[in-house]
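1. Give me the fold of what follows.
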Amino acid sequence: MKILLALILLCCFSIITIHGQEKSLFTQEEVIYNRKHGMALTMIVLKPEKANRKGIVQVVSGSWYSGYSQLENEISNAEPFLENGYTVFVTIHSSNPRFDISEAALDIKHAVQYVRFNSEKFNIDPNNIGITGGSAGGHLSLVVNTSSDIKNLNSKNPVRRVSSKVQAVAVFYPPTDFLNWGQPNAYMNYLEHSPILAESYVLGAMTYHEYDSINVVYKPIADPKLLKEVITTVSPAQLVSKDDAPTYIIHGDMDQVVPLQQSQHIQKKFDSIGVPLILKIKPGADHGWQNMNEDRQEFVNWFDKYLIEE
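-> Residues are numbered from 1 along each chain as shown. You can find the predicted model right below:
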């Protein structure tokens, strides 16, 4: 009985230890934020002992893969936010290779809606929601930020009647434009680049589908015009508008996976319409580096600046 009680307590409460010292006490709970195709989509809600009533959606995604195997690392990544009072929603999306990027992006929008709708339950301000992630997670964060709000006041589902927009963004080395990959007019699509995408393990995520109602099957999009339209909807730099949230990006100048050009490209788009976007270029850094939680402290500062209760 004592062993069972200890296991229950371990599941409910976590203590983060750094250099032998207790840093942050938080509760941990898994919730279902949406259901699709007969499956449940979940997030891990991390609530700090001393909450500041602000929430961060942390996107679990690497090469648009998303799953439980990444959770231990993602909870570690959440440390700087928890230590500063942020409630963190570690969010899993429908994953590569079974689902494409557009499906994943919609999942994260639904996650934001779920968090906002349940803001009272989570003790956060519904008008103070930020989003963060790295690489594919950073990309999906930017898609949520720059694409249109999916709020539908006529929906029968009350969760769908609230906004999917966020109020601040902070991400690492994100893809931002598949129509201009690495240089202008370098269009990246699976019809022409399948071998390259397969070698990079992202072919499944970048093979977009449409529903064939006659044969009752989802099939890869073969029409080049339609494919380009879909790819545009998941290219944040193509979607920038004045209602986008202030954004902070850190990107290494030696990144061999996502060209630095991607962050510089979207920075120019934000600058052209006067929406704040700060790009910090990390000298000598590739696609990830040690002690990234030190950089996440800069994200905390960014969220502190732009997530302000009215």
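2. Return the backbone torsion pair for the residue nearest to Q70 when sequence neighbours are not counted.
-> Nearest residue to Q70 in three dimensions, chain neighbours excluded: V60, at 5.2 Å (Cβ to Cβ, 6 or more residues apart in numbering). Bear in mind the C-beta positions are built from the backbone N, C-alpha and C, glycine included. When read as degrees, to the nearest 10, the backbone of V60 gives phi -90, psi 100.
3. Please work out how many residues are found near V60.
-> With neighbours defined by other Cβ atoms under 10 Å, the count for V60 comes to 26.
4. swap in F117?
-> So F117, with other Cβ under 10 Å, has 18 neighbours.
5. in terms of contact, does it touch S155 like I think?
-> No - under the criterion of Cβ atoms under 8 Å, F117 makes no contact with S155, lying 11.4 Å away.
6. Residue ranges in this protein under the pLDDT threshold?
-> Residues of the chain that meet the criterion pLDDT under 70 lie in 1-24, 310.
7. got the residue ranges for the helices in it?
-> 2-12, 71-77, 79-83, 101-117, 119-122, 136-146, 190-199, 224-233, 260-273, 292-306 (DSSP state H).
8. In the last one, which residues are buried?
-> For helix 292-306, the neighbour count (16 or more other Cβ atoms under 10 Å) marks M292, N293, D295, R296, F299, V300, W302, F303, D304, Y306 as buried.
9. So which of the residues you listed is the closest to P48?
-> Proximity of the buried residues of helix 292-306 to P48 was ranked by Cβ to Cβ; the top entry is V300 with 12.2 Å.
10. Enumerate every residue touching that closest one.
-> P80, F81, N84, Y86 (Cβ atoms under 8 Å, 6 or more residues apart in numbering).
11. Could you report the neighbour count for the second one?
-> Using other Cβ under 10 Å, F81 is surrounded by 28 other residues.
12. again with the first one
-> Counted with other Cβ under 10 Å, residues neighbouring P80 total 21.
13. Which residue comes closest to it once chain neighbours are left out?
-> Closest to P80 by Cβ to Cβ, 6+ apart is R296, at 4.3 Å.
14. Kindly report the same for the third one.
-> Nearest residue to N84, sequence neighbours excluded (Cβ to Cβ, 6+ apart): V300, at 4.9 Å.
15. swap in the last one?
-> Nearest residue to Y86, sequence neighbours excluded (Cβ to Cβ, 6+ apart): I56, at 5.0 Å.
16. Okay, and the beta partners of that neighbour?
-> V88, G130 (DSSP bridges).
17. who's in contact with it?
-> A78, F81, Y86, T87, V88, F89, I129, G130, I131, T132, F303.
18. tell me the contacts of the residue nearest to P80?
-> Contacts of R296 (Cβ under 8 Å, 6+ apart): N77, E79, P80, F81, T132.
19. if we take those residues, which one ends up nearest to V45?
-> Using Cβ to Cβ, those come closest to V45 at F81, 12.5 Å.
20. quick one: the nearest residue to V217 once chain neighbours are set aside from K268, how far?
-> Setting aside the residues directly before and after it, V217 is nearest to Y211 in space (Cβ to Cβ, 6+ apart), at 7.9 Å. In this view, Y211 and K268 are 36 Å apart by Cβ to Cβ, to the nearest Å.
21. mind listing what the longest strand along the chain pairs with, with the direction of each?
-> Assignment by DSSP state E gives strand 21-36 as the longest strand of the chain. Sheet partners assigned to strand 21-36 using DSSP bridges are listed as strand 13-18 (antiparallel), strand 39-48 (antiparallel).
22. Check the offset of stretch 49-57 from the chain's centre.
-> Relative to its parent chain, stretch 49-57 has a centroid offset of 17 Å by Cα atoms, centre = their mean, to the nearest Å.
23. What's the local residue count around the residue nearest to V217?
-> 9.
24. hmm, back to that, across the sheet, point out what pairs with the residue nearest to Q70.
-> Beta-bridge partners of V60, as defined by DSSP bridges: I92.
25. For it, give me its contacts.
-> Here V60 is in contact with S66, G67, Q70, L71, E74, V90, T91, I92, H93, G133, G137 (criterion: Cβ under 8 Å, 6+ apart).
26. Need the buried ones from the residues you listed selected in ChimeraX.
-> Buried residues among those (16+ other Cβ under 10 Å), as a ChimeraX selection:
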select :66,70,74,90,91,92,93,133,137
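27. now the contacts of V60 in JSON lines, with distance to A237?
-> Converted to JSON lines, the contacts of V60 look like this (distance: Cβ to Cβ, whole Å):
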{"residue": "S66", "distance to A237": "23"}
{"residue": "G67", "distance to A237": "28"}
{"residue": "Q70", "distance to A237": "26"}
{"residue": "L71", "distance to A237": "30"}
{"residue": "E74", "distance to A237": "26"}
{"residue": "V90", "distance to A237": "26"}
{"residue": "T91", "distance to A237": "23"}
{"residue": "I92", "distance to A237": "26"}
{"residue": "H93", "distance to A237": "21"}
{"residue": "G133", "distance to A237": "17"}
{"residue": "G137", "distance to A237": "17"}
